[in-house]
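In: got a sequence here, can you model it:
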Amino acid sequence: MLPGDGWGARDPRQLSFQVFEIRDNAGPIPLAHLVAESTGFFDVEKHDFSTSAAHVLTSRWDADWYRRIASHGYHYDGDSGRQQSVAWPFLYPMAVKALAAVLGKPVTSMMLAFNAVCLLLALALLFAIGRAAGLDAGPALIAPAWLVFNPFAFFLVGGFSESLFLLLECALVFSLVYRRYWLGAWAVALLTATRFIGLLSVVWLIHGIWSDSTSSPRKRIIQSLAVAGIAMLGVVGDIAVKWMQTGFPLAAFTVRNAWQVTPPGQWLGLLDFGKLFEGEYLALVFLGLSLFLSCIAALCKAIRQSCHAAAMLIGIGVTQVGGTLLLNPELHSVGRYLLPLAPSIVGVLALGRGHGRLVACAGVITAAGAGAMPFIVQRIAIGWPPY
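Out: Residues are numbered from 1 along each chain as shown. The predicted structure is shown next:
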């Protein structure tokens with residue numbers, strides 16, 4: 001049952017009362033019937049209290065929104081002051097919806113199967129990128145291992161878009177390693193259709209074009225303009241889908257003020273390692289942010305030394321993570337925001353110097369992830385934030 005004035009929660013569509021029936025002298029009255037015949041409420045929603053693994057994986061935070069979109073499409077009532085489904089880009093939920101229709105499977109099952117395939121392909125591409133960058137088999141496995149045993153790997157296997165985004169990010173990096181700029185442009189378009197922040201990757205696509213000394217300046221200009229135009233198709237596609245389904249082509253860009261950023265004081269909890277013994281795992285984010293800062297330092301070094309290949313590998317991940325943190329500084333999402341750093345790890349290892357420190361840092365995060373993952377997943381299953 002949802003309060004009509006929208007007060008009492010960050011998301012006014014959250015379940016606010018867990019009352020199922022009202023009794024009087026005439027007998028029990030179902031709450032849904034009472035609300036339907038009353039005023040002051042704007043909607044009644046069925047709430048699923050299932051504790052099955054599939055439900056937990058597809059009913060938390062963004063996963064719940066994606067499941068609803070894949071099941072019922074986009075909806076927008078013109079109210080930009082509250083969270084609505086149009087805020088989420090279209091590629092992941094529409095791909096799940098199409099696959100579920102073609103294969104005749106439930107949306108929840110298809111979300112998990114699709115993410116599993118995307119994750120496996122991303123790990124294979126990540127290893128191939130490491131080998132193409134000149135790493136031996138052992139070092140080339142560090143980035144995939146960092147992902148698999150990451151404290152926040154739940155978001156790679158749950159009903160979130162992280163696996164698809166990571167796969168497309170690795171596809172972009174792979175195309176740039178082999179100078180397939182047109183394929184890279186389409187990868188950026190799909191990346192943007194998965195999460196709008198993916199459009200920032202076009203900077204490194206153009207960087208790759210201008211680092212190619214075999215092309216003339218005129219050809220570089222034409223290629224840069226062309227790939228930028230192709231990359232924008234992700235945004236154009238999202239506008240078209242929202243327009244067809246809701247009648248509001250720019251709906252995704254009008255609801256951003258419905259999200260609240262974390263107050264600066266709460267970020268200090270990253271340094272409170274004592275909370276680890278109280279079931280609070282916020283300090284684990286500090287390890288990921290330390291790796292992020294290490295990658296930024298390595299990127300600056302690669303640029304100074306004109307190591308274009310390493311700079312590109314590091315820069316794509318750093319750009320995605322940095323852009324996301326700046327545009328949406330929400331503390332309880334930082335763990336999954338750091339997952340696109342995986343290609344940056346390959347780039348730092350390929351850079352050579354600083355190799356030992358990065359391996360140590362990635363190893364600590366991997367070990368911490370393996371140890372803390374069950375407890376984080378338990379918190380998520382209960383319905384709490386991951387840390």
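In: contacting residues for Ala372?
Out: Listed by C-beta atoms under 8 Å, 6 or more residues apart in numbering, the contact set of Ala372 reads 151, 281, 284. (Each C-beta comes from the backbone N, C-alpha and C, glycine too.)
In: how about a markdown table for those residues, with distance to Phe114 added?
Out: Listed next are the contacts of Ala372 as a markdown table, based on distance: C-beta to C-beta, whole Å:
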| residue | distance to Phe114 |
| --- | --- |
| Pro151 | 23 |
| Tyr281 | 28 |
| Leu284 | 27 |
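In: save these as a markdown table, and put in secondary structure and pLDDT too.
Out: As requested, these are exported to a markdown table (DSSP: H, G, I helix; E, B strand; the rest coil; pLDDT from 0 to 100):
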| residue | secondary structure | pLDDT |
| --- | --- | --- |
| Pro151 | coil | 85 |
| Tyr281 | coil | 73 |
| Leu284 | helix | 79 |
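In: same question for the longest helix seen in the chain, mean pLDDT?
Out: In the chain, with assignment by DSSP state H, the single longest helix is helix 355-382. Mean pLDDT, helix 355-382: 74.
In: now do stretch 292-299
Out: On average, stretch 292-299 scores 90.
In: can you list the buried residues in that stretch?
Out: 292, 294-296, 298-299 (16 or more other C-beta atoms under 10 Å).
In: list of residues touching it?
Out: 310-311, 314-315, 317-318, 321-322, 338, 341, 344-345, 347-348, 351, 354, 357-358, 361.
In: can you list the weak-confidence ranges in this structure?
Out: 1-53, 257-259, 276, 278-279, 353-357, 383, 387 (pLDDT under 70).
In: strands of the protein, start to end?
Out: 21-24, 27-30 (DSSP state E).
In: what residues sit buried inside the longest helix of the chain?
Out: Taking 16+ other C-beta under 10 Å as the criterion, helix 355-382 shows 355, 358, 361-362, 365-366, 368-369, 372-373, 375-377, 379-380 as buried.
In: just stretch 120-140 next, same as before
Out: Result for stretch 120-140 [16+ other C-beta under 10 Å]: buried residues 121-123, 125-127, 129-130, 132-133, 135, 139-140.
In: centre of the chain to it, how far?
Out: 22 Å (C-alpha atoms, centre = their mean, to the nearest Å).
In: can you check stretch 233-252 too?
Out: For stretch 233-252, the distance to the chain centre is 20 Å (C-alpha atoms, centre = their mean).
In: what does that stretch rub up against?
Out: 73-76, 78, 84, 86-91, 94, 188-194, 196, 198-199, 254.
In: which among the residues you listed count as buried?
Out: Here, 16+ other C-beta under 10 Å leaves 74, 76, 84, 86-91, 94, 188-194, 196, 198-199, 254 buried among these.
In: hmm, back to that, reformat the buried residues of stretch 292-299 as TSV; add distance to Val241.
Out: Formatted as TSV, the buried residues of stretch 292-299 follow (distance: C-beta to C-beta, whole Å):
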residue	distance to Val241
Phe292	32
Ser294	38
Cys295	34
Ile296	35
Ala298	38
Leu299	34
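In: ok, of these, which one's closest to Tyr66?
Out: Phe292 (25.7 Å; C-beta to C-beta).
In: relative to Phe286, how far out is the closest one?
Out: 10 Å (C-beta to C-beta, to the nearest Å).
In: go on, Thr324?
Out: Thr324 is 18 Å from Phe286, by C-beta to C-beta.
In: pick out whichever of these two has more residues nearby.
Out: Thr324 (22 against 15; other C-beta atoms under 10 Å).
In: dump the residue contacts of the more buried one.
Out: So Thr324 contacts 195, 197, 337, 340 (C-beta under 8 Å, 6+ apart).
In: please narrow these to those residing in helices.
Out: Among the contacts of Thr324, the members falling in helices (DSSP H) are Tyr337.
In: most surrounded residue in the contacts of Thr324?
Out: Pro340 (27 neighbours).
In: any idea how far the residue nearest to that residue when sequence neighbours are not counted lies from Gly198?
Out: What sits nearest to Pro340 in space, not counting adjacent residues and going by C-beta to C-beta, 6 or more residues apart in numbering, is Gln320, at 4.2 Å. Separation of Gln320 from Gly198 (C-beta to C-beta) stands at 7 Å.
In: Pro386 touches Tyr281, doesn't it?
Out: Yes - if you go by C-beta atoms under 8 Å, Pro386 and Tyr281 touch, sitting 7.0 Å apart.
In: now do the helices in the stretch 251-387 of the chain.
Out: Per DSSP state H, counting those that start in this stretch, the stretch 251-387 of the chain carries helices over the ranges 283-304, 308-327, 334-337, 342-351, 355-382.
In: ok and the first one relative to helix 355-382, angle-wise?
Out: Think helix 283-304. 140 degrees (axes from the mean of the first three to the mean of the last three C-alpha atoms, to 10 degrees).
In: fine by me, thanks again.
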